[in-house]
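[1] Whatever this is, show me its structure:
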Amino acid sequence: MDDAVKNRWWQLNARRWSGATTLRRQLIAWLAVPLFVLWSVSTVIDYDIAKRFVNLAYDRALLEAALDIGRQIRVANDRIYLDLPDVALQMLQTRESGRLFYLVTGPTEEFVSGEPDLPRAPANTPETTADRVRYYDEEFRGREIRAVALRAPVEPGTGRGAVQIHVAERVTARDEFARQIILRMVLPQGILILLAGLAVWYAVGRGLAPLSTLRREIESRSHRDLSALSEEQAPQEVQPLIHAMNDLLARLGSAIAAQQRFIADAAHQLRTPIAGLKTQTELALREPHPDDVRETLRRLLMATEQSARLVNQLLSLARAEPAAKLEHATERLDLARLARDATTEWVPRALARRIDLGYDGESGAAWIEGNPFLVRDMLGNLLDNAIRYTQSGGQVTVRVAARTDAVVLSVEDNGPGIPERERERVFERFYRVLGTGTEGCGLGLAIVREIALGHRAEVTLAAGTGGRGTLARVVFPRAA
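    Presented below is the predicted three-dimensional model:
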């Protein structure tokens, strides 16, 4: 195992052993916590139910003991006594087991037999049966006891009254029996919950296997591989994630391709002007006469202006690329006002070429959603093309028309126009119509189209009024 593989192995295991929260741990936690709470609540409820049934069974046993004692009540010489066999009496009064204590009192509360200090039933204890049976809890000799009080007639039908029979036992046996019952109920439930947790752990691992496969696929890829990830084997819940990643990869691929295309275009287009600048500079240094030097510097100035314009248009094209348009914030802007202001700025240049530049459009607002800088740049390129290619004495008109669902920006000139067969090709980068006799870079309309696409607008070229010149129209969606 080489060093690179060892380092990779240690990194993977360090992430596994670290305390970082994983999706599997979160799922197990979200399942384990409710199960533990339900288990605890179930334990409390089961213990209460078990204790109720234990108390019911033990209370019935106490009542049976009281009834047995009641059957042994005798009367002799007007004296009430308890006729219990010695064996039965020893069983009741044994102190080793600590299970049963009894007390028998006569009709006038006189002591008959049993434990004289055994607590008697409180006066407010409810009677539960026709035999006047009462259950109560007390403390006897430092221990909690559960007792039953039974009123039994001395001799039915004679009117001699009734005796009170009290039988009690310590609650220790009851609690122990209830604990044994609940233990036998809770332990299987705990084992079942543990097994369920292990089953869920395994099932979650199997369910997350596609994510591990996806991770391995991404880790094994080269940084140049931006192809889409496969969605066929992925679960339905993971497919939106993969789809979003594929969309991100596609946009990233478009951004990289646009960047590479821009670099290639810039390198290709700047090579010639820079070489020209170098040549003109060398010629100026070699010229011995001032007049020749001045002419060479004039040509150098023209080449510099052309290079500067090319650089500015390349930068505008880079800003208008689809991958870059998302970085520019859009806002609600008035296209009519923007067009009027931009037309006013271009008036001096139009006058320098003796061209009539005017605005004919909406007097009110025409709202669109867009980036003011890019929209102004687009209109500037349309005006630059119209003024550059229109003959001296011509006309250029900017119009803005608001429709129900769209706003139309148009720039019309009466110049030589663009042949119909070339109206689509002029949107290509660095493509220029031959025979115009005008210097240009071939990027203006390419920039216009890129900005229009970034604003979900449509740009078209057509012949001007009367079939002369060029009419460039950009249709923007109208802002709500």
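
[2] does Val408 sit in a helix or strand, and which one?
    Using DSSP states H and E, Val408 falls within strand 406-413.

[3] pull the CA atoms of the next helix or strand after that strand into CSV?
    In the C-terminal direction, the helix or strand that comes right after strand 406-413 (DSSP H and E) is helix 444-454. Taking C-alpha atoms only, helix 444-454 is exported to CSV below (Å, rounded to 0.1, in the frame of the first residue of the first chain):
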residue,chain,number,x,y,z
GLY,A,444,-21.8,44.2,-31.5
LEU,A,445,-24.8,42.2,-32.5
ALA,A,446,-23.3,39.1,-30.7
ILE,A,447,-23.3,41.1,-27.5
VAL,A,448,-26.9,42.3,-28.2
ARG,A,449,-28.1,38.7,-28.6
GLU,A,450,-26.4,37.4,-25.5
ILE,A,451,-27.8,40.2,-23.4
ALA,A,452,-31.3,39.6,-24.9
LEU,A,453,-31.1,35.9,-24.0
GLY,A,454,-30.1,36.8,-20.5
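
[4] What are the buried residues along helix 444-454?
    Gly444, Leu445, Ala446, Ile447, Val448, Arg449, Glu450, Ile451, Ala452, Gly454 (16 or more other CB atoms under 10 Å). Every C-beta, even on glycine, is put in place using the N, C-alpha and C of the backbone.

[5] For these, give me CSV that also has pLDDT and distance to Thr304.
    What follows is these, written out as CSV (pLDDT from 0 to 100; distance: CB to CB, whole Å):
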residue, pLDDT, distance to Thr304
Gly444, 72, 20
Leu445, 82, 24
Ala446, 81, 23
Ile447, 79, 21
Val448, 84, 25
Arg449, 86, 28
Glu450, 83, 26
Ile451, 84, 27
Ala452, 87, 31
Gly454, 83, 31
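
[6] Out of the residues you listed, flag the one nearest to Arg403.
    Nearest to Arg403 among the buried residues of helix 444-454: Ala452, at 16.6 Å, using CB to CB.

[7] With adjacent residues omitted, what lies nearest to the closest one?
    Val459 (4.3 Å; CB to CB, 6 or more residues apart in numbering).

[8] Surely Thr460 is within a strand?
    Yes - Thr460 forms part of a strand when assessed by DSSP: H, G, I helix; E, B strand; the rest coil.

[9] Ignoring the adjacent residues along the chain, who's closest to it?
    Here the residue nearest Thr460, using CB to CB, 6+ apart, is Arg473, at 5.2 Å.

[10] send the alpha carbons of the helix or strand encompassing the one you found over as CSV?
    Using DSSP H and E, Arg473 sits in strand 470-477. Listed next in CSV are the C-alpha coordinates belonging to strand 470-477 (Å, rounded to 0.1, in the frame of the first residue of the first chain):
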residue,chain,number,x,y,z
THR,A,470,-32.1,48.1,-40.9
LEU,A,471,-34.7,47.7,-38.1
ALA,A,472,-33.4,45.9,-35.0
ARG,A,473,-36.2,44.9,-32.6
VAL,A,474,-35.8,43.6,-29.0
VAL,A,475,-39.0,42.3,-27.4
PHE,A,476,-38.8,42.2,-23.5
PRO,A,477,-41.3,40.5,-21.2
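
[11] and it, what does it pack onto?
    strand 367-370, helix 372-389, strand 406-413, helix 444-454, strand 458-463 (3 or more CB pairs under 8 Å, 6 or more residues apart in numbering; DSSP states H and E).

[12] outside of it, which residues touch it?
    335, 368-370, 378, 382, 385-386, 389, 405-413, 415, 417-418, 448, 452, 455-465 (CB atoms under 8 Å, 6 or more residues apart in numbering).

[13] so what's the residue nearest to Ala452 up against?
    Contacts of Val459 by CB under 8 Å, 6+ apart are Phe427, Val448, Arg449, Ala452, Ala472, Arg473, Val474, Val475.

[14] Next, Arg354: secondary structure please.
    coil.

[15] Tell me how far it lies from Ser392.
    5 Å (CB to CB, to the nearest Å).

[16] List only those of the contacts of strand 470-477 flagged as buried.
    Using 16+ other CB under 10 Å as the burial test, the contacts of strand 470-477 include 335, 368, 370, 378, 382, 385-386, 389, 407-413, 415, 417-418, 448, 452, 455, 457, 459, 461-464 as buried.

[17] mind listing the strands in the chain by residue range?
    73-76, 79-82, 101-105, 111-114, 133-140, 143-153, 162-170, 331-334, 356-359, 367-370, 395-402, 406-413, 458-463, 470-477 (DSSP state E).

[18] What pairs with the second one, parallel or antiparallel?
    Right, the one you point to is strand 79-82. strand 73-76 (antiparallel) (DSSP bridges).

[19] Tabulate the CA atom coordinates of the strand it pairs with in PDB.
    Extracted as PDB, the C-alpha positions of strand 73-76 are listed here (Å, rounded to 0.1, in the frame of the first residue of the first chain):
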ATOM      1  CA  ILE A  73     -67.100 -17.300  65.200                       C
ATOM      2  CA  ARG A  74     -68.900 -19.000  68.000                       C
ATOM      3  CA  VAL A  75     -71.100 -17.900  70.900                       C
ATOM      4  CA  ALA A  76     -71.100 -19.800  74.300                       C
END
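
[20] List the contacts of Ala196.
    Leu35.

[21] could you redo the last one with a cut-off of 7 Å?
    Ala196 makes contact with no residue under the criterion CB atoms under 7 Å, 6 or more residues apart in numbering.

[22] and it, how far is that from Gly454?
    55 Å.

[23] Which phi and psi values does the residue nearest to Thr390 when sequence neighbours are not counted adopt?
    Once flanking residues are discounted, Thr390 sits nearest to Gly415: 3.7 Å by CB to CB, 6+ apart. Phi and psi for Gly415, reported as degrees, to the nearest 10, are phi -80, psi -160.

[24] I'd assumed Gly393 was in contact with Gly415.
    No - Gly415 is beyond contact range of Gly393, at 10.8 Å (criterion: CB atoms under 7 Å).

[25] What does Pro119 show for phi and psi?
    Per degrees, to the nearest 10, the backbone of Pro119 is at phi -60, psi 140.

[26] So it sits against Arg141, correct?
    No - here Pro119 does not reach Arg141: they are 10.1 Å apart, not a contact under CB under 7 Å.

[27] For Ala199, the count of nearby residues, please.
    10 (other CB atoms under 10 Å).

[28] correction: Ala234
    18.

[29] The one 5 residues further on too?
    Neighbours of Gln239 under the rule other CB under 10 Å: 13.

[30] same deal with Arg215?
    10.

[31] The residue found closest to Val238 once you drop the neighbours it is linked to in the chain and Glu217, how far apart?
    Spatial nearest neighbour of Val238, chain neighbours left out: Pro210 (5.9 Å); criterion: CB to CB, 6+ apart. Taking CB to CB as the measure, Pro210 falls 10 Å from Glu217.

[32] With neighbour numbers in mind, choose between the two.
    Per other CB under 10 Å, whichever of Pro210 and Glu217 has more neighbours is Pro210, with 16 against 11.

[33] Wait, that one touches Glu237, no?
    No - if you go by CB under 7 Å, Pro210 and Glu237 don't touch, sitting 9.7 Å apart.

[34] For the residue lying farthest from the centre of the chain, give me its contacts.
    For the chain, the residue at maximal distance from the C-alpha centroid (CA atoms, centre = their mean) is Asn77, at 92.7 Å. If you count contacts by CB under 7 Å, 6+ apart, Asn77 has none.
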